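In: Sequence first, predicted coordinates after that:
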Amino acid sequence: AQSVTQLGSHVSVSEGALVLLRCNYSSSVPPYLFWYVQYPNQGLQLLLKYTTGATLVKGINGFEAEFKKSETSFHLTKPSAHMSDAAEYFCAVSNNFNKFYFGSGTKLNVKP
Amino acid sequence: DARVTQTPRHKVTEMGQEVTMRCQPILGHNTVFWYRQTMMQGLELLAYFRNRAPLDDSGMPKDRFSAEMPDATLATLKIQPSEPRDSAVYFCASGLETGVEAFFGQGTRLTVV
């Protein structure tokens, strides 16, 4: 069975500050891990993904995430928040491109 | 610019009416997902298809929901009869079996009054 837990339904940071969105997963097999972003009234857009290989994954818009197997975590970070980063972020786990299991989402607010 | 296209974008209907939502996956993608998003439940997988065959529809209420792929370029999700609790945003996503990520459409916002 697979599942995703996102800690913090709302995160607020100041513009220019570090963004850290937390994701822990449960998977009985080596997982594929994803971060998606959703802007208001839009669909989900892939930010980055981990399949195999390098555990530090870089994505679009300056985001990156690190796969830590020992901690079953895949936290999303960005060194310096921008106002345009305000959105909802979803962590997801998949197994060999079958079902995608999504976390409950974290809304990121960026203060000027 | 390849993208998943969903129609309609918005739908308001009265309780008891039939609702049909359509999805055009990215050309060449052989896997299609239907998700429902609500404030309370988040993103729920309703069904998914591979090569037009349903692989899993366990997340879908069978008594009123049905999903089909009449051909490789069209996926449909029907609700009959619709109920107020079906109000949600319904997303379609597609991808390649040999790939890893799913590409999402912009969703259909359904309101049942």
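Out: That came through, no problem.
In: Output the set of residues of chain A in proximity to chain B.
Out: Proximity of chain A to chain B (C-beta under 8 Å from any C-beta of the partner chain) is limited to residues A:32, A:34, A:36, A:41-46, A:49, A:51, A:90, A:94, A:97-105. For every residue, glycine as well, the C-beta is placed using N, CA and C.
In: Now residue 48: which helix or strand?
Out: If you meant another chain, say so; for now it's chain A. Assigned by DSSP states H and E, residue A:48 falls within strand A:44-50.
In: My question was about chain B, not that one.
Out: In this structure, residue B:48 sits in strand B:42-50 according to DSSP H and E.
In: How far does that strand sit from its chain's centre?
Out: Strand B:42-50 sits 8 Å away from the centroid of its parent chain (C-alpha atoms, centre = their mean, to the nearest Å).
In: Where does pLDDT dip in the chain?
Out: Looking at chain A here, since you left the chain open. Scanning chain A for pLDDT under 70 picks out A:96-98.
In: wait, I meant chain B there
Out: Scanning chain B with the threshold set as pLDDT under 70 gives B:1.
In: before we move on, back to that, neighbouring contacts of whichever helix or strand comes after the strand holding residue A:48?
Out: With elements assigned by DSSP H and E, the helix or strand that comes after strand A:44-50 is strand A:56-58. Residues outside strand A:56-58 that contact it (C-beta atoms under 8 Å, 6 or more residues apart in numbering or on different chains) are A:48, A:49, A:50, A:64, A:65, A:66, A:67.
In: I'd like to know which residues of chain B are adjacent to chain A.
Out: So chain B meets chain A at B:4, B:31, B:33, B:35, B:42-43, B:45, B:48, B:55-56, B:91, B:93, B:95, B:97, B:99-107, B:109 (C-beta under 8 Å from any C-beta).
In: cutoff 6 Å now
Out: B:42, B:43, B:45, B:100, B:101, B:104, B:105, B:106, B:107 (C-beta under 6 Å from any C-beta of the partner chain).
In: Which of those residues are buried, as a ChimeraX select command?
Out: Command for ChimeraX that selects the buried part of the residues of chain B next to chain A, burial taken from 16 or more other C-beta atoms under 10 Å in any protein chain shown:
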select /B:43,45,100,101,104,105,106,107
